[in-house]
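Engineer: give me coordinates for this.
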Amino acid sequence: MPANTKGTMKILSIGKTLSHEDLAITSVSSSSLPEIHNIQTYDYVIINGGDGTIRRVLNQLHNLSRMPTFILNPTGSFNVVAKIHRAPKIGSVLDSLAKGERPKTQKHHLFKMNDELFLFSAGNMGDLQHIFLSETLRFGWLKHGIAKYILAVIFLFPVHVIMTPFMLMSSTRFFIFTPLRFIKKFGSFYGEVHEVDLDLDNDYNMIELDGDIVNVKGRHLRIRQAGNVRVVTKQ
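Structural biologist: Now for the predicted structure:
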C-alpha cells in the first residue's frame, strides 16, 4: 500500500456499505445524507444506485463550496449516466485509488428546472407516461431489472404512435434528452439546453426527471444549465 493512502484520502459511499483493506471508506444511507455536514472535505464520493439516485444525491450536493469527484457504482435498471461516462467497476476504481493512482474523469453537465436538478432527461410527454406505468409495474419479479420498462413500452406503443406528433407541436409539452444533443431542437423535443422558458396549463405538474417523477408547483418552468461535476470514467 502506498504510504499514508489510508490516512490521507477521504472517501464517502452513499447508499451501500463498501470497504477496502487499503482505504478508509465512510458509508452512509442516502436518507441520512442531510446529516453529513463535512462532505466538501471528502476527495471522492461513491454513489451507489441508478440515475434517479444520482440525481437525488447531486440535487443535495451540487452547491457545495468544494465539490468532490464522483464515482458511480451503477445498480439501477438503465444507468444512463454511468453508460455515458463508461463507469468502471467499483472494485477496479478502489484498487487504483489504493495504489495512489489518480483516476481519469470527465465533466458531467448539470441542468436545473426551477429548483430541481436533473442530469440528462426531463419532460411531460411520453417519457412521463412510460415512467409512471413502469413504476406501477415495480413489484414481484418485475421489481428489479428492465422487464417493467419493456412491458411499459409495449403497452404504451399505440398511444405514443398516435399522440407523439401532437405533443411535439404543443407549447405545453416538452421532452429534454441531452445524450441526443446533436438534434438540438425538434418541435418540443430538446437535445441541447442553454435556457428554456415554458408555460404550462396547470399550477401543479408532474414532470419526469432522470426517471423520477416529481410534482412541480407553478405553471412557469425555467430550464437552464447549472454547472458540472467530475465523474470517474475508464482509463
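
Engineer: any idea which element the nearest residue to residue 146 once chain neighbours are set aside lies in?
Structural biologist: In this structure, residue 146 finds its nearest non-sequential neighbour in residue 77, 4.9 Å apart by CB to CB, 6 or more residues apart in numbering. Backbone N, C-alpha and C define where each C-beta goes, glycine included. Following DSSP states H and E, there is no helix or strand that holds residue 77.

Engineer: isn't residue 77 up against residue 143?
Structural biologist: No. With contact defined as CB atoms under 8 Å, residue 77 does not count as touching residue 143 (10.1 Å).

Engineer: quick one: which of these two has more around it?
Structural biologist: residue 77 (18 against 10; other CB atoms under 10 Å).

Engineer: pLDDT wise, what is that one at?
Structural biologist: pLDDT for residue 77: 78.

Engineer: residue 5 now?
Structural biologist: 55.

Engineer: where is the longest helix in this structure?
Structural biologist: Longest helix of the chain, by residue count under DSSP state H: helix 147-168.

Engineer: tell me which residues in that one are buried?
Structural biologist: Residues of helix 147-168 classed as buried: 148, 149, 152, 156, 163, 164, 167 (neighbour count, 16 or more other CB atoms under 10 Å).

Engineer: tell me what it is packed against?
Structural biologist: helix 126-136 (3 or more CB pairs under 8 Å, 6 or more residues apart in numbering; DSSP states H and E).

Engineer: in the helix it packs on, which residues are buried?
Structural biologist: In helix 126-136, counting by 16+ other CB under 10 Å, buried: 126, 127, 128, 129, 130, 131, 133, 134.

Engineer: quick one, what contacts the fifth one?
Structural biologist: In this case it means residue 130. 149, 152, 153, 156 (CB atoms under 8 Å, 6 or more residues apart in numbering).

Engineer: can you list those in JSON lines and add pLDDT?
Structural biologist: Formatted as JSON lines, the contacts of residue 130 follow (pLDDT from 0 to 100):
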{"residue": "149", "pLDDT": "90"}
{"residue": "152", "pLDDT": "93"}
{"residue": "153", "pLDDT": "93"}
{"residue": "156", "pLDDT": "95"}
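
Engineer: so which of the residues you listed is the closest to residue 178?
Structural biologist: Nearest to residue 178 among the contacts of residue 130, counting by CB to CB, is residue 149 at 19.5 Å.

Engineer: how about that closest one, what does it touch?
Structural biologist: Contacts of residue 149 by CB under 8 Å, 6+ apart are 77, 78, 130, 134.

Engineer: and if you look at residue 107?
Structural biologist: 228, 229, 230, 231.

Engineer: redo that, cut-off 10 Å
Structural biologist: 85, 227, 228, 229, 230, 231 (CB atoms under 10 Å, 6 or more residues apart in numbering).

Engineer: inside strands: which ones of those?
Structural biologist: With strands defined by DSSP state E, the entries of these inside them are 227, 228, 229, 230, 231.
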